[in-house]
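Peer 1: The following block contains a protein sequence and its predicted model.
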Amino acid sequence: MTDVDRVSAANQLFYVAHEGRDIEAMTAIWEHSDRVVCVHPGWPILRGWDDVLQSWVGIFRGPGQSQFILTNESISTKGDIAWVTLDENLVDGNGATTIAATNLFVRDHEGEWKLVTHHGSPVMNR
């Protein structure tokens, strides 16, 4: 399995955790440090694992459920850093919307790819 394959699998686990509202799975994919950053669409920047974790707890407790159809995915690696850019085509009870996203991963001491940054921005109609 190549690094690109491993990063792709880790990225997929992020979306499986999100769709399943699985806080344990979401916790497992993230690095637990002060350097993690998360920007949910329309939210201010969240820095540090504690704030990022609390955001997911709140999202998972909220109403509705989302399904992601991932498109336009590109994965790049450089040593122990990898980034994924993609379109999150989000389908929920209100219809569909597209979020342009970047996910940044780092390889940890055990060789696992951990998410350190997620940034999602809504795509406006062109």
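Peer 2: All right, it came through fine. Computed from a predicted model, the values in this text were never measured in an experiment.
Peer 1: what comes up buried for stretch 24-42?
Peer 2: Of the residues in stretch 24-42, 26, 28, 29, 30, 31, 36, 37, 38, 39, 40 count as buried by neighbour count, 16 or more other C-beta atoms under 10 Å. (C-beta placed from N, C-alpha, C; glycine too.)
Peer 1: Just the mean pLDDT for it, thanks.
Peer 2: The average of the pLDDT scores along stretch 24-42 is 97.
Peer 1: what's next to it, contact-wise?
Peer 2: Stretch 24-42 is contacted from outside by 10, 13-14, 16-18, 45-49, 51-53, 55-56, 59-60, 99, 106, 108, 114-122, using C-beta atoms under 8 Å, 6 or more residues apart in numbering.
Peer 1: for stretch 110-122, same thing?
Peer 2: In contact with stretch 110-122 (C-beta under 8 Å, 6+ apart) are residues 6-7, 10, 14, 29-31, 33, 35-42, 82, 88, 97-108.
Peer 1: Which of those fall in strands?
Peer 2: Judged by DSSP state E, strands contain the following of those: 37-39, 82, 88, 97-107.
Peer 1: Sort out which residues of the longest helix along the chain are buried, please.
Peer 2: Using DSSP state H to define each element, the chain has its longest helix at helix 3-20. Using 16+ other C-beta under 10 Å as the test for burial, helix 3-20 gives 3, 6, 7, 8, 10, 11, 13, 14, 15, 17, 18.
Peer 1: okay, those residues in CSV with pLDDT and distance to residue 69 next?
Peer 2: CSV is the format used below for the buried residues of helix 3-20 (pLDDT from 0 to 100; distance: C-beta to C-beta, whole Å):
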residue, pLDDT, distance to residue 69
3, 97, 25
6, 98, 22
7, 98, 20
8, 98, 16
10, 98, 19
11, 98, 14
13, 98, 17
14, 98, 15
15, 97, 10
17, 97, 16
18, 96, 13
